[in-house]
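# Mind looking at a prediction? Sequence and model below.
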Amino acid sequence: MTDRPPPPFHASTTGRRRRRVGLLGGSFNPAHGGHRRISLFAIDALGLDEVWWLVSPGNPLKPKEGMAPLAARYASAVAQSRRAPIRVTAIERELGTRYTVDTIAALQNRFSAHEFVWLMGSDNLVTFHKWRAWRRIVWSVPIAVIARPGYEMATVASPAAAMLRRFRVDPAQFRKRGEWSAPILVTLRFDPDARSATAIRAGAPDWAADYRDAALRDQITHRPITDFSIDPEPGSA
Ligand SMILES: Nc1ncnc2c1ncn2[C@@H]1O[C@H](COP(=O)(O)OP(=O)(O)OP(=O)(O)O)[C@@H](O)[C@H]1O
Ligand SMILES: O=C(O)c1ccc[n+]([C@@H]2O[C@H](COP(=O)([O-])O)[C@@H](O)[C@H]2O)c1
């Protein structure tokens, strides 16, 4: 698979290459400077046009306890992404998807003029084999993993890492490729960023109160973000 020559540069019907978009899915409970920094780093290293932050209505593997309302998490993400080529969206509510495999399929269907790459920190690679239909994700979209302090071994020792090993491509090669074809694993290493939402919640358990009155629109779908309840039902945009 990795021995194949890169496919020809892809031109759309308008003669322009497809927009390259990194997807960073997360709880963003709350968003922090680490999210911003890894997104900017990925844009640079992978040659992306922009990154979309998918603020999850509810991570299927995370407890609801301690999860701030979607609107507060969304507002924290907007604050952290200001003046950067990052767009914040809660589009999973409208797509009615909770699992990443479904979200990616729906986005590829809806935004066929875009090429997507899935971005995640190495902590997520540790549990990636527990995600629904994770092998299908691997075959549907390139994956870029960003090193995270404390999870150095994840990129070599996890079941998903073992499966993905033979599809490794370095960032420079990836950037030069024409149309992307999964599976691809790109590992991004830079001086690791120790920031985490867990640490922020420990220091400021009431952080969500700062965003109580935020009136925002989704930066992809332009629909109002009005839902202050926890884990609204799929489709209840
Ligand atoms: N400092 C960081 N370095 C690398 N990746 C990160 C970092 N912070 C978050 N990520 C990645 O960003 C994505 C969204 O993260 P998330 O919203 O869960 O934040 P978090 O800080 O990991 O939260 P929590 O501490 O509550 O688990 C995940 O793929 C996560 O691995
Ligand atoms: O699809 C799954 O089974 C799955 C299981 C766990 C996490 N995810 C996704 O992984 C992303 C990171 O989640 P989190 O809560 O760790 O920030 C977010 O987009 C989740 O929806 C997806």
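Noted; the coordinates are in hand. Ligands and ions are numbered 1, 2, ... in the order given.
# Tell me how many other residues crowd the residue in the chain positioned nearest to ligand 2.
For the chain and ligand 2, the shortest gap (CB to the nearest ligand atom) falls at residue 25, measuring 2.1 Å. Glycine gets a C-beta too; all of them are placed from N, C-alpha and C. Neighbourhood size, residue 25 [other CB atoms under 10 Å]: 19.
# Roughly how far does it sit from ligand 1?
According to CB to the nearest ligand atom, to the nearest Å, residue 25 and ligand 1 sit 7 Å apart.
# So that residue: helix, strand or coil?
Put simply, residue 25 is strand when judged by DSSP: H, G, I helix; E, B strand; the rest coil.
# Mind naming the longest helix for this structure?
As assigned by DSSP state H, the longest helix anywhere in the chain is helix 33-46.
# Which neighbouring elements make contact with the host helix or strand of residue 136?
Here residue 136, judged by DSSP states H and E, is contained in helix 134-140. Other helices and strands packing on helix 134-140, by 3 or more CB pairs under 8 Å, 6 or more residues apart in numbering; DSSP states H and E, are helix 100-110, helix 159-164.
# Indicate which one of the ones you listed is closest to residue 57.
Residue 57 lies closest to helix 100-110 among the helices and strands packed on helix 134-140, at 10.5 Å (CB to CB).
# thinking again about what came up before, tell me which residues are up against the longest helix of the chain.
Contact with helix 33-46 is made by 20, 22, 24, 26, 28, 48-51, 53, 77, 80-81, 84-86, 117, 119, 121, 144, 146, 171, 174-175, 186, 188, 190, 193-196, as judged by CB atoms under 8 Å, 6 or more residues apart in numbering.
# What's the PyMOL line that selects buried ones from those?
Those of those that count as buried under 16 or more other CB atoms under 10 Å are selected in PyMOL with:
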select buried, resi 20+22+24+26+28+48+51+53+77+80+81+86+117+119+121+144+146+171+174+186+188+193+195+196
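# okay, now the residue nearest to residue 134 when sequence neighbours are not counted: neighbour count?
Excluding its sequence neighbours, the residue lying closest to residue 134 (CB to CB, 6 or more residues apart in numbering) is residue 128, at 5.5 Å. Residue neighbour count, defined by other CB under 10 Å, stands at 23 for residue 128.
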